[in-house]
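K.L.:
Quick one, structure for this:
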Amino acid sequence: MSNKSSISETLDKGLRILDLFCADDTSFSLSEISRRLEINKTSVLRYVGALCEHGYLQKGTKDKLYRLGLRTIPLAHSFLQKAEIVQTIKPFVDEIHKQHGIHIDVGIIQNQSIYLVYRRESIDTLAFAHFTVNADMYNLATGKAAMAFLDKDKQQTMLDAIELRPVTGASITDKQQLLADLEETKKRGYSINKEEFLPGLIAMGAPIFNLRTSEVVGGVSFDSSTARYSMSDFEKLYSNLLKELSKTISAAISKI
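P.N.:
Numbers count the residues shown, from 1 in each chain. Presented below is the predicted three-dimensional model:
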């Protein structure tokens, strides 16, 4: 029993180290990894050494910082090209993108973070650095939409765990304000994001549900630049279409 426990703990720490590289920061020193994950440096050295040996991490020759290695590329490509959820939602997202030229993101919640699983960019959003995974879900239209439709206990657990950090001057930094925003999101059926994640970027997000369990599992968003639309014009043009797409995606993934 103790041996199995030890193996599980070792695997858990190795995966936690890899998971660290999913954040906005892309390179870390040995000390930084140790500090962030609260694992002693000797153990971290052993784990990153094994991950480097297998190609999942690589160490910079000049700055000595650790980064994702080439071995992670085929894993990412395999998921984005072959994952069942991607293949399921792709035709619906592609059709809307083809008809309207809108930037569309689809994100799925896991471990209190939201992960991008499919994206179609528009011409006016190409210059923006968009998310791939974000633990600060409240800053994203997809994340805020998902949070609004969580059951109250899960929503409160998530709110208790997060620290509201400003990303832009428009970011929500007060929990009561966030709660009020989530209530409004639930009433209207979609979230609005007025440059809360990136200056110049506006977005609307609608929840995605597993209809078999009635649980919210993610969100879908339409994004645009403020140079192309005002928030009010963007809502008038596309909010109903967004809600219909969220229903379509929910129905489709509930059959997987």
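
K.L.:
Parallel or antiparallel, list what pairs with the helix or strand that L116 is a member of.
P.N.:
Using DSSP states H and E, L116 maps to strand 113-120. Strand pairing for strand 113-120, using DSSP bridges, gives strand 103-110 (antiparallel), strand 133-134 (antiparallel).

K.L.:
quick one, strands of the stretch 101-250 of the chain?
P.N.:
103-110, 113-120, 133-134, 191-194, 201-210, 215-225 (DSSP state E, counting those that start in this stretch).

K.L.:
Pick out the shakiest of the strands paired with strand 113-120, pLDDT-wise.
P.N.:
Ranked by mean pLDDT, these end with strand 133-134 at the bottom, a mean of 82.

K.L.:
quick revisit: pipe the strands paired with strand 113-120 into CSV and attach mean neighbour count and distance to V117 per row.
P.N.:
For every residue, glycine as well, the C-beta is placed using N, CA and C. Shown next, in CSV, are the strands paired with strand 113-120 (neighbours: other Cβ atoms under 10 Å; distance: least, Cβ to Cβ, whole Å):
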stretch, mean neighbour count, distance to V117
strand 103-110, 22, 5
strand 133-134, 18, 10
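
K.L.:
Relative to S27, which of these is closest?
P.N.:
strand 133-134 (16.2 Å; Cβ to Cβ).

K.L.:
Need the residues that contact the closest one.
P.N.:
22-23, 113-116, 140, 143 (Cβ atoms under 8 Å, 6 or more residues apart in numbering).

K.L.:
Can you say which of those are buried?
P.N.:
Among the contacts of strand 133-134, those classed as buried by 16 or more other Cβ atoms under 10 Å are 113-116, 140, 143.
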